[in-house]
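Participant: Predicted model, plus sequence, below.
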Amino acid sequence: MNYPAILEQIHRDIQPYLGTGRVADYIPELAKIPADRFGMAVVTAAGDVHRIGDADERFSVQSISKLFACTLAFQLIDDELWSRVGREPSGTAFNSLVQLETEQGKPRNPFINAGALVVTDVLCRRFVSAETALVEFMRRLTGERTVDYDLRVAQSELANAHRNRAMAHFIASFGNLEMPAEVVVDAYCRQCAISMSCVELARAALFLCNGGVVPATGERILDSSSTKRLSALMLTCGTYDAAGDFVFRVGLPAKSGVGGGIVAVLPGEMAVCVWSPGLDSNGNSLAGTLALEWLTTHTGQSIF
Ligand code: GLN
């Protein structure tokens, strides 16, 4: 596959779309990121790295952290997770509270905020510092010791976490949090504030393309069955209420974040991450989704 030529073509064709969409503005640290940034990286299972544009620039991973937090929770409690979180697409916005009341505080899936708060609760219960455990995990997956969370972003997240706080307390009222809601929200905000580049995120997701084993080190992260399940969740729930349209257009399991990043995987072949901060109305990167759609069209590769 001629990834360099395909990435160059995507980079050329995406130019008119850069700056479209709306940059997340609920905190100043995200609002100030120029809307016209664009980076894309493909890392193959064989270890080849292909990059274009701002692929080495770190950005706020935001909800992409939910994928890796869920991986850690899987490692810790495996199928026990499903007694506390569902695995159905929500059909509502990532930060919606509406289903929680009728569904008795059991969030639809681990990739919306409510579900991620329960996942973070699992981590808070078992690690002295959940966010440090997650940062360490990201360092291990990437081999990059400088990966960290951005303290200013985390503080801003915390200062503006009214909705997430409300959600955590609501879930707690149904008895579905083991740790104090404030502890969980604090860790959740810090994990959202992790900064990574496209190359680093694609590398971190590579175990999903390889049956749960990091190709570079041979380290097993998950068994092949859990890896399959996590990828299935990405496909059905990874891009919020746009998951149907996303999979129709792109055809890959993916996880997005309001920082403008999207990481996607093609089992057996490659992991890809794209970053462009302008978001569509569902909170997914507008140019990023388009770039991934073109990638699977040009390569003729998807899971279908
Ligand atoms: N920090 C954001 C929140 O909790 C992350 C949301 C996202 O990336 N979709 O609302």
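Facilitator: Done, it's in. Residues are numbered from 1 along each chain as shown.
Participant: Count the neighbours of the closest residue to G261 other than its chain neighbours for me.
Facilitator: Sequence neighbours aside, W275 is the residue nearest to G261 in space, at 4.7 Å (criterion: Cβ to Cβ, 6 or more residues apart in numbering). Quick note: C-beta positions are derived from backbone N, CA and C, even for glycine. Around W275 there are 33 other residues, counting by other Cβ atoms under 10 Å.
Participant: Name the residues that touch stretch 297-304?
Facilitator: Surrounding stretch 297-304, the residues in contact under the criterion Cβ atoms under 8 Å, 6 or more residues apart in numbering are 1, 3, 6, 9-10, 235, 250-253, 266-267, 269, 296.
Participant: Buried ones from the residues you listed, can you make that a ChimeraX selection?
Facilitator: Restricted to buried positions by 16 or more other Cβ atoms under 10 Å, the ChimeraX selection for these reads:
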select :3,6,10,235,250,251,252,253,266,267,269,296
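Participant: Which of the contacts of stretch 297-304 fall within strands?
Facilitator: Using DSSP state E, the subset of the contacts of stretch 297-304 located in strands is L266.
Participant: Let me know the closest of the contacts of stretch 297-304 to D280.
Facilitator: V250 (13.2 Å; Cβ to Cβ).
Participant: rewinding a little: could you check the pLDDT of the residue nearest to G261?
Facilitator: Per-residue confidence at W275 stands at 98 (pLDDT).
Participant: thinking again about what came up before, out of the contacts of stretch 297-304, name the ones that lie in helices.
Facilitator: Using DSSP state H, the subset of the contacts of stretch 297-304 located in helices is 3, 6, 9-10, 235, 296.
Participant: and those, which two are the farthest apart?
Facilitator: Pairwise distances among those were taken by Cβ to Cβ; the largest, 25.8 Å, belongs to Q9 and L235.
Participant: Not counting its neighbours along the chain, what's nearest S195?
Facilitator: Distances taken as Cβ to Cβ, 6+ apart put R58 closest to S195, at 4.1 Å, once the chain neighbours are dropped.
Participant: number of nearby residues for the one you found?
Facilitator: The number of residues packed around R58, counting by other Cβ under 10 Å, is 20.
Participant: so who does it touch?
Facilitator: Contact partners of R58, counting by Cβ under 8 Å, 6+ apart, are 195-197, 200.
Participant: let's go with 10 Å and repeat that
Facilitator: By Cβ atoms under 10 Å, 6 or more residues apart in numbering, R58 lies in contact with 146-148, 150, 194-201, 259, 275.
Participant: Filter those down to the buried ones and hand me the PyMOL line.
Facilitator: The PyMOL selection below is limited to those of the contacts of R58 classed as buried (16+ other Cβ under 10 Å):
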select buried, resi 147+148+150+194+195+196+197+198+199+200+201+259+275
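Participant: ok, R125 - contacts?
Facilitator: For R125, the contacting residues are 76-77, 177-179, 183-184, taking Cβ under 10 Å, 6+ apart as the criterion.
Participant: Widest-spaced pair of these?
Facilitator: With distance counted by Cβ to Cβ, no two of those lie farther apart than I77 and V183, which are 17.9 Å apart.
Participant: if you skip the residues just before and after it, what's nearest to G21?
Facilitator: Beyond its immediate neighbours in the sequence, the residue positioned closest to G21 (Cβ to Cβ, 6+ apart) is G278, lying 2.8 Å away.
Participant: which residues does that neighbour bridge with?
Facilitator: On the basis of DSSP bridges, G278 is bridged to V23.
Participant: Can you tell me how far it is from the ligand?
Facilitator: 14 Å (Cβ to the nearest ligand atom, to the nearest Å).
Participant: Now, of the contacts of R125, which are buried?
Facilitator: Burial by neighbour count, judged by 16+ other Cβ under 10 Å, picks out 76-77, 177, 179, 183-184 from the contacts of R125.
Participant: Which one of those is nearest to N164?
Facilitator: The closest of those, once distances to N164 are taken by Cβ to Cβ, is V184, at 9.1 Å.
Participant: how about the closest one, secondary structure?
Facilitator: What DSSP: H, G, I helix; E, B strand; the rest coil gives for V184 is helix.
Participant: dump the residue contacts of it.
Facilitator: Taking Cβ under 10 Å, 6+ apart, we find V184 in contact with 116-125, 130, 164-165, 167-169, 171-172, 177-178.
Participant: where along the stretch 201-304 of the chain do the helices fall?
Facilitator: For the stretch 201-304 of the chain, the helices defined by DSSP state H, counting those that start in this stretch occupy 224-237, 243-249, 286-299.
Participant: need the residues of the stretch 151-300 of the chain near the ligand, please.
Facilitator: 157, 164, 192, 257-258, 283 (Cβ under 6 Å from any ligand atom).
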